[in-house]
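Q: Below are the sequence and a predicted model for it; my questions follow.
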Amino acid sequence: MGLNVRGAEAGLLACYGTLRRRGLFAHVGFRVAGGLRFWGYGRVRGCLHWQAFFPALVPGRGLVAVEVYRVDDKAVLNWLDRYEGFDPGNTGRSVFVRRRALLEGTSKMVWLYCLNRSVQPGHPIRFPARGTACFSGRIE
């Protein structure tokens, strides 16, 4: 499986759900997490939906809080593509697609795993203190 960076550098990766720091090492192990360096926090456009056992970002209105990592080893993206069910050679059968997205409030572009449009989104994730996981205002 080839690296799907479309001529761009690996750069930055925005993570939510199981790929955040609390779950990253437990789920993907040091071999993968060792190729990423924590860069900071940010927001991307979209809304989180619950897909049976995992959250999925659906691009669109709202903002989702993400952790941002610098990709030090481009091979990490190949491994994460498999973990996220993304096949660059057959996006129609992929659960997620990796695409470029703007990190809100910056000029930085990040890689982001989004739910494939061919997959029916589950219910929006709701947080008791904030309503849904897609915010229309600032994330503190």
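A: It's in.
Q: Please name every helix or strand in contact with the helix or strand hosting residue 114.
A: For residue 114, the host element (DSSP states H and E) is strand 109-115. On a contact count with 3 or more C-beta pairs under 8 Å, 6 or more residues apart in numbering; DSSP states H and E, strand 109-115 meets strand 12-15, strand 36-51, strand 54-71, strand 96-102. Where C-beta positions appear, they are placed from N, C-alpha and C, glycine not excepted.
Q: List the strands paired with that strand, with their directions.
A: Here strand 109-115 is paired, per DSSP bridges, with strand 12-15 (parallel), strand 96-102 (antiparallel).
Q: Pull out the CA atoms of it and give them to me as PDB.
A: Extracted in PDB, the C-alpha atoms of strand 109-115 (Å, rounded to 0.1, in the frame of the first residue of the first chain):
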ATOM      1  CA  MET A 109      -3.000  21.900   6.900                       C
ATOM      2  CA  VAL A 110      -3.300  18.600   8.700                       C
ATOM      3  CA  TRP A 111      -4.100  15.000   7.800                       C
ATOM      4  CA  LEU A 112      -7.400  13.900   9.200                       C
ATOM      5  CA  TYR A 113      -9.300  10.600   9.200                       C
ATOM      6  CA  CYS A 114     -13.000  11.300   8.300                       C
ATOM      7  CA  LEU A 115     -15.900   8.900   7.900                       C
END
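Q: Roughly how far does residue 14 sit from residue 69?
A: Distance of residue 14 to residue 69, computed by C-beta to C-beta, to the nearest Å: 8 Å.
Q: Name the next helix or strand following the strand holding residue 114 along the chain.
A: Following strand 109-115 in sequence, per DSSP H and E, is strand 123-124.
Q: Remind me what that next one packs against, helices and strands.
A: Applying 3+ C-beta pairs under 8 Å, 6+ apart, one finds that strand 123-124 makes contact with strand 36-51.
Q: sorry, back to before: in TSV, list the strands paired with strand 109-115 along with mean neighbour count and distance to residue 56.
A: Below are these laid out as TSV (neighbours: other C-beta atoms under 10 Å; distance: least, C-beta to C-beta, whole Å):
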stretch	mean neighbour count	distance to residue 56
strand 12-15	22	13
strand 96-102	19	7
